[in-house]
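Engineer: sequence? don't have it. structure:
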Ligand SMILES: Nc1nc2c([nH]c(=O)n2[C@@H]2O[C@H](COP(=O)(O)OP(=O)(O)OP(=O)(O)O)[C@@H](O)[C@H]2O)c(=O)[nH]1
Ligand SMILES: [Mg+2]
């Protein structure tokens, strides 16, 4: 008789400092993968929620009391010894000094400059997800006209804009390609990243950082487009999220959350339905979109988002 696969639920905490550094700990001797680096956390007990397990484990392992944490993403990974479902949380505030209660070492790490290794095998996509900024901007040529928007773009770059999706469905192929060339040149000077919208071949040709897929285009793909660093998708429901997962996106944008002038008449999801979607546990970070501003980041995160995607809100 074959046993059904038993899934071990694990709550994992990514302690993040305001400067973006996060904490890794070394796995104590005697456990599987001893000496590997991981985020603190451990298995859920019977009847326990992931958030309660997180608080208990972080207190047991490091003596801190979690005071602010939001769900981030969920990864399922099969090891030789077990299949684990890792419920990752971003922990942004805690009380107490971090103590090594299990003989583990701790190290604050900066993304893309890890000084410790090896990391637990399941955690690769996590490191990538941690590179994503809290706000993504969508271009607004249609809204503001090319000159005003390019001027606002310069301003936003000077103010720290890092990721831009160039989405201008009103432009024909030639005009879009010309804009993409211009924007890539400007944005590069600021070490920000540009994603082209639905234009996979053009993104490769121009060396853009990635492609952002409409839900409609994502639905036509069987696999992640090759040769691009980043692939994201827009989604509106669980079916589209499942398709995004199938093709292996790095992030998704879900909405729209509030009423927005760009989708007049379409009923907004609202935060409750948004949280129900994120709560299904997707293996990539999710951004909320639709009538949002940078001030909505914290609220989006309490509803399971990584951050917010902004259209008009990015250019004010
Ligand atoms: N804590 C933690 N566990 C992870 C991470 N990534 C990952 O694959 N795991 C896996 O999750 C599983 C459970 O984690 P754990 O060993 O910390 O569980 P625990 O604290 O309850 O330990 P215990 O059973 O000895 O009491 C292990 O199979 C571990 O390999 C991670 O970043 N942090
Ligand atoms: Mg543990």
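Structural biologist: Everything's here; your move. Nothing here was measured: the structure is a model prediction, and the numbers come from that model. Ligands and ions are numbered 1, 2, ... in the order given.

Engineer: Going by C-alpha atoms from here, please, whenever you check contacts or count neighbours.
Structural biologist: Fine.

Engineer: how far is the helix of greatest length in the chain from where the chain is centred?
Structural biologist: Counting residues, the longest helix found in the chain (DSSP state H) is helix 173-188. Computed by CA atoms, centre = their mean, to the nearest Å, the chain-centroid distance of helix 173-188 equals 25 Å.

Engineer: And the contacts of it?
Structural biologist: Helix 173-188 has contacts (CA atoms under 8 Å, 6 or more residues apart in numbering) with 154, 157, 166, 168, 193-194, 196, 202, 206, 208.

Engineer: Tell me the one of the residues you listed nearest residue 72?
Structural biologist: Nearest to residue 72 among the contacts of helix 173-188: residue 193, at 22.2 Å, using CA to CA.

Engineer: what pairs with that closest one across the strands?
Structural biologist: Residue 193 forms beta bridges with residue 163, as assigned by DSSP bridges.

Engineer: Could you check the pLDDT of it?
Structural biologist: Model confidence at residue 193, given as pLDDT, is 96.

Engineer: Could you measure from it over to ligand 1?
Structural biologist: Residue 193 is 27 Å from ligand 1, where distance means CA to the nearest ligand atom, to the nearest Å.

Engineer: Test my guess that that residue contacts residue 209.
Structural biologist: Yes: under the criterion of CA atoms under 8 Å, residue 193 makes contact with residue 209 at 5.8 Å.

Engineer: returning to what we had before: between the contacts of helix 173-188, which sits nearest residue 19?
Structural biologist: Using CA to CA, the contacts of helix 173-188 come closest to residue 19 at residue 157, 18.7 Å.

Engineer: Pull out the buried positions in the helix or strand of the chain with the lowest mean pLDDT.
Structural biologist: Here the helix or strand of the chain ranked lowest by mean pLDDT, DSSP states H and E is helix 124-129, holding a mean of 87. Within helix 124-129, the residues that count as buried by 16 or more other CA atoms under 10 Å are 126, 129.

Engineer: for the stretch 51-200 of the chain, what spans make up the strands?
Structural biologist: According to DSSP state E, counting those that start in this stretch, the stretch 51-200 of the chain carries its strands in the segments 65-78, 83-95, 106-109, 135-138, 163-166, 193-197.

Engineer: Near ligand 1, which residues of the protein are found?
Structural biologist: By the rule CA under 6 Å from any ligand atom, the part of the chain lying against ligand 1 is 10, 12, 38-43, 84, 120, 122-123.

Engineer: how is the protein carved up into domains?
Structural biologist: Taking automatic domain parsing as the reference, the chain has its domains at 7-124, 135-314.

Engineer: can you pull the contacts of the residue positioned nearest the centre of the chain?
Structural biologist: Centroid check for the chain by CA atoms, centre = their mean gives residue 285 as the closest residue, at 2.7 Å. When contacts are counted by CA under 8 Å, 6+ apart, residue 285 touches 72-73, 129, 250-252, 305-306.

Engineer: try residue 167
Structural biologist: Taking CA under 8 Å, 6+ apart as the test, what residue 167 contacts is 138-140, 196-197.

Engineer: How about residue 282?
Structural biologist: Contact analysis of residue 282 by CA under 8 Å, 6+ apart lists 73-75, 241, 245.

Engineer: helix or strand for it, which one?
Structural biologist: Under the criterion DSSP states H and E, no helix or strand holds residue 282.

Engineer: Name the residue of the stretch 101-250 of the chain with the shortest distance to ligand 1.
Structural biologist: Distances between the stretch 101-250 of the chain and ligand 1 by CA to the nearest ligand atom are smallest at residue 122, namely 4.5 Å.

Engineer: And for that residue, nearest residue in space, chain neighbours not counted?
Structural biologist: residue 77 (6.0 Å; CA to CA, 6 or more residues apart in numbering).

Engineer: Give me the pLDDT value at the one you found.
Structural biologist: With respect to pLDDT, residue 77 has a value of 92.

Engineer: among the contacts of residue 282, which two are most distant?
Structural biologist: It's 75 and 241 that sit farthest apart of the contacts of residue 282, by CA to CA, at 14.5 Å.

Engineer: quick one, which of the two is more surrounded?
Structural biologist: Neighbours per residue, other CA atoms under 10 Å: of residue 75 and residue 241, the larger number sits with residue 241, 25 against 18.

Engineer: Report how many residues lie close to the residue lying closest to residue 161 once chain neighbours are set aside.
Structural biologist: With CA to CA, 6+ apart as the criterion, residue 161 has its nearest non-adjacent residue at 7.0 Å, and that residue is residue 192. Neighbours of residue 192 under the rule other CA under 10 Å: 16.
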